[in-house]
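Colleague: Mind folding the following:
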Amino acid sequence: MQKECLAAIATGNGDFLIDKITVQPPRADEVLVAIKAAGLCHTDHDSLQWGKPIVMGHEGAGIVEAIGHDVRNVSVGDTVILNWATPCRQCFQCARGNEHICENNSPVVAGSNGYTEGHAHLEGTTYNGEPIERSFNIGTLSEYTLVKASAVVKNPSMKMSFPAASIIGCGVMTGYGSVVNTANVEPGSSVVVLGTGGVGLSVIQGAKINKATKVIAVDINETRLELAKEFGATHLIKADKDDKGLLKAAMEVKKLTNGRGADYAFECTAVPELGAAPLAMIRNAGTAVQVSGIEQEITIDMNLFEWDKIYINPLYGGCRPEKDFPKIVRHFESGELKLEEMITKKYSLDQLGLAFEDMLSGKNAKGVIEFG
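Modeller: Okay, here's the model as predicted:
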C-alpha cells in the first residue's frame, strides 16, 4: 500500500518547502524504510541549487517497513543505515572492490547509468502526481523512502541511537574511510587534519583507530579545535583566515614534525582555495588527501608536489557498505569511535531552515533531523 508522508523538497530555484509526497510499495529489489533520523551536510544545502525539484537528504537511518520479494539482506522490522553509493557488484569497478564508484548505479560518477539517467526508479515517488527524484537516490529528509536493497545495511547495534546511525552513511564514512581505506594510515605516523567539522572529526577518529601517534588539527574556529581534542587530536593549530593556502599553518606543522612535514594530510574544509593546502603540510613522499570533494577549478603551485608527494581525491572514503558499516558499528560498540558526541543539535523537519543556518555559521559539528 502506498504511503503519503512529509518530506523536504528542493524547489529547484534555491529554496525548499515541507510538503506531502507519495511513496509506492517496494518492487522486487526495493526496500521501504521509515526514516527515523537524517544527518545534514553541506551537500544537502547545495542541492537547493541543482535546478530541479528533488526530495532532499542523503544520510539516514530507520526501520524497514516493507521489502520486495527478491530482497535477502534485510527483513521487515530491521533497523538500517542508508547508503547512497549503491553498488551493482558486477561492473568493472565493483569487481575491483571500488563499489563506491559503481559504473551502473553511482549518482555522482559521470558516465554511470545512475548519473546519466537520474534516479533509477523515479516512478516510486511522486509529488503533486508527478514523479520526483530523490537526492543521491535515497532522499532521506522524508518520513518514508523507497530505495534499492543495496542502499540499506542492517545495523546490529542495540545501543546506537538513530541520529548517531544516520551520520554514518556519508560524513563519518567519508572521513573514516579516507584514513582507513584510501590513505591506509600506518601506525606511528603523523597526520594533519584541515577542518574539524563532522568529516574532519571522523578523519581524526580514523587516524586514532589506525594508531597514528601525532594528530594535528587545524581550524580557524577555536570551539571546533577544542572539540577536535576530545575526539583524539594531539596538537591544535588555530589558523588565520587570511593565511593564503595555509602556508603559515604549514610552517607550524613542520615545527611539530621534525621540520619535514607530516606523513599524511587531509583537507576537510570544502573551501576550494584550500584544495592544495594538504600538499604544503606533508613531507617529501608524504600523502595528501582531498576529502571534502572540491570540484571547482583551482590553481596549484607545482612546487608543492616536490618531491614524490602523492595527492589523492577519493570518493566516499572508498566505501564498501556491507564491509565498512559493520566495522564502524564495531568501533562504536567498543568505544573507539564517537558518534553520539559528534551531534551538536537535533531538529524537527520543520526546523530545517534553522538547521541549515546553524550548519553554515559553523555552530554544528553535525546537525540531525529527527522524525517522530
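Colleague: Check the secondary structure at Ala66 for me.
Modeller: Remark: Ala66 carries the secondary structure label strand [criterion: DSSP: H, G, I helix; E, B strand; the rest coil].
Colleague: And the closest residue to it other than its chain neighbours, how far from Ala276?
Modeller: Take Ala66 and drop its neighbours on the chain: the residue closest to it by CB to CB, 6 or more residues apart in numbering is Leu32, 4.2 Å away. In this view, the C-beta of every residue, glycine as well, is placed from N, C-alpha and C. Noted for Leu32: a distance of 44 Å to Ala276, by CB to CB, to the nearest Å.
Colleague: quick revisit: enumerate the beta-bridge partners assigned to the residue nearest to Ala66.
Modeller: As for beta bridges, Leu32 partners with Ala66, Leu146 under DSSP bridges.
Colleague: any idea how far it is from Glu226?
Modeller: 42 Å.
Colleague: So those two - more neighbours on which side?
Modeller: Leu32 (23 against 14; other CB atoms under 10 Å).
Colleague: which residues touch the more buried one?
Modeller: The contact partners of Leu32, by CB atoms under 8 Å, 6 or more residues apart in numbering, come to Lys3, Val23, Pro25, Pro26, Val64, Glu65, Ala66, Ile67, Tyr144, Thr145, Leu146.
Colleague: neighbours of Ile81, just the number please.
Modeller: Neighbour count for Ile81, taken as other CB under 10 Å: 28.
Colleague: Where does the residue lying closest to Ala228 once chain neighbours are set aside sit, in terms of helix or strand?
Modeller: Nearest in space to Ala228, with sequence neighbours left out and distances taken as CB to CB, 6+ apart, is Ala217 at 3.8 Å. Secondary structure here is read from DSSP states H and E; on that basis Ala217 sits in strand 214-219.
Colleague: now the strands for the stretch 51-200 of the chain?
Modeller: Residue ranges of the strands in the stretch 51-200 of the chain, as given by DSSP state E, counting those that start in this stretch, are 54-55, 61-67, 79-82, 125-127, 130-131, 133-134, 144-148, 152-154, 190-194.
Colleague: And for the stretch 251-372 of the chain?
Modeller: Listed from the start of the chain, the stretch 251-372 of the chain has strands (DSSP E, counting those that start in this stretch) covering 262-267, 282-290, 310-312, 345-347, 367-370.
Colleague: how about the helices in the protein?
Modeller: Read by DSSP state H, the chain holds these helices, from start to end of the chain: 42-46, 92-95, 113-116, 162-166, 173-177, 198-209, 222-230, 247-256, 277-281, 321-334, 352-360.
Colleague: Determine how far the last one lies from the middle of the whole chain.
Modeller: For helix 352-360, the distance between its averaged C-alpha position and the chain's averaged C-alpha position is 17 Å (CA atoms, centre = their mean, to the nearest Å).
Colleague: Quick one: residues in contact with it.
Modeller: The set of residues external to helix 352-360 that reach it, using CB under 8 Å, 6+ apart, is 8, 16, 18, 40-42, 44-45, 141, 344-345, 347, 364, 367, 369.
Colleague: Most neighbours of all these, which one?
Modeller: Neighbour counts for those, by other CB under 10 Å, peak at Leu141, which reaches 32 neighbours.
Colleague: And for it, nearest residue in space, chain neighbours not counted?
Modeller: Once flanking residues are discounted, Leu141 sits nearest to Gly57: 3.2 Å by CB to CB, 6+ apart.
Colleague: repeat for Ala288
Modeller: Leaving out its chain neighbours, the residue that sits closest to Ala288 by CB to CB, 6+ apart is Pro278, at 3.7 Å.
Colleague: show me the contacts for that neighbour.
Modeller: Going by CB under 8 Å, 6+ apart, Pro278 touches Val192, Leu194, Ala265, Phe266, Glu267, Ala288, Val289, Gln290, Tyr311.
Colleague: can you do 7 Å?
Modeller: Neighbour list for Pro278: Leu194, Ala265, Phe266, Glu267, Ala288, Val289, Gln290 [criterion: CB atoms under 7 Å, 6 or more residues apart in numbering].
Colleague: before we move on, what about Glu99?
Modeller: Residues Ala85, Pro87, Arg89, Cys319, Arg320 are the ones in contact with Glu99 under the rule CB under 7 Å, 6+ apart.
Colleague: and those, which are buried?
Modeller: Listed as buried from the contacts of Glu99 are Ala85, Pro87, Cys319, Arg320; burial here means 16 or more other CB atoms under 10 Å.
Colleague: Can you tell me the closest non-neighbouring residue to Thr213?
Modeller: For Thr213, the nearest residue in space outside its immediate sequence neighbours is Gly188; the separation is 5.3 Å by CB to CB, 6+ apart.
Colleague: Report the residue ranges of every domain in the protein.
Modeller: 3-167+343-370, 173-314 (automatic domain parsing).
Colleague: By mean pLDDT, show me the worst of those.
Modeller: When the domains of the chain are compared by mean pLDDT, domain 3-167+343-370 comes last with a mean of 92.
Colleague: And that one, end to end?
Modeller: The first and last residues of domain 3-167+343-370 sit 19 Å apart, counting by CA to CA, to the nearest Å.
Colleague: and what of stretch 148-159?
Modeller: The straight-line separation of the ends of stretch 148-159 (CA to CA) is 26 Å.
Colleague: Now it: buried residues?
Modeller: Applying 16+ other CB under 10 Å to stretch 148-159 flags Lys148, Ala149, Ser150, Ala151, Val152, Val153, Lys154, Asn155, Ser157 as buried.
Colleague: burial count for the residue nearest to the third one when sequence neighbours are not counted?
Modeller: Computed as CB to CB, 6+ apart, the closest residue to Ser150 that is not its neighbour in sequence is Thr86, at 4.3 Å. Thr86 has 26 neighbouring residues, counting by other CB under 10 Å.
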